[in-house]
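>>> sequence isn't available, so here's the structure alone:
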């Protein structure tokens, strides 16, 4: 990371930023082009290791990319805020973001599918008491990213530019 003064390494802060993010943008390389998809997500943290869960249709470009990508990149941010200035080059953005890499895979085990769907719903709605019938579990495609690398950055304009 070029700006070490903006790097966040505290696991509690990183976790808090992940919790505050609504969308995870996943970048796939399909052999010819980069394909970036904004997705709702859920996550589980076990022994300091993150797994991000996603859901969607069982077919399409994203599914083909998951089948063929050994690694993906991802990005999360909490939206940011423009900090205006009297001069054009004096404007800035206050933000918190996470960038990382991971290994994508389909979730086929029914208990992990359930865990992934519950993580998505809890992260999206704040509620964790969801139930899913067998038909719903079979109908949806769940995939995950096992995070292998993660970095976190914050620009708080109160700390200077």
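Good, I have the coordinates. Remember, predicted model here, so these are calculated numbers, not experimental data.
>>> in the sheet, who's paired with residue 49?
residue 46 (DSSP bridges).
>>> going forward can the numbers begin at 663, since that is how I track them
With 663 as the first residue, the last one maps to residue 711.
>>> hmm, residue 810 and it touching each other?
No: with contact defined as Cβ atoms under 8 Å, residue 711 and residue 810 do not form a contacting pair (9.3 Å). (Glycine included, C-beta is placed from N, CA and C.)
>>> after the strand or helix carrying residue 764, next one along is what?
Per DSSP states H and E, residue 764 falls inside strand 754-769. The helix or strand immediately downstream of strand 754-769 is helix 772-787, counting by DSSP H and E.
>>> tell me which helix or strand comes right after that next one.
helix 796-801.
>>> other SSEs contacting the helix or strand just after that next one?
Reading on from helix 796-801 to the C-terminus, the next helix or strand found by DSSP H and E is strand 803-817. Using 3 or more Cβ pairs under 8 Å, 6 or more residues apart in numbering; DSSP states H and E, the elements in contact with strand 803-817 are strand 669-670, helix 673-682, strand 711-718, strand 754-769, helix 772-787.
>>> show me which residues of the third one are buried.
In this case it means strand 711-718. 712-718 (16 or more other Cβ atoms under 10 Å).
>>> state the distance from residue 808 to residue 684.
Using Cβ to Cβ, to the nearest Å, we find residue 808 at a distance of 22 Å from residue 684.
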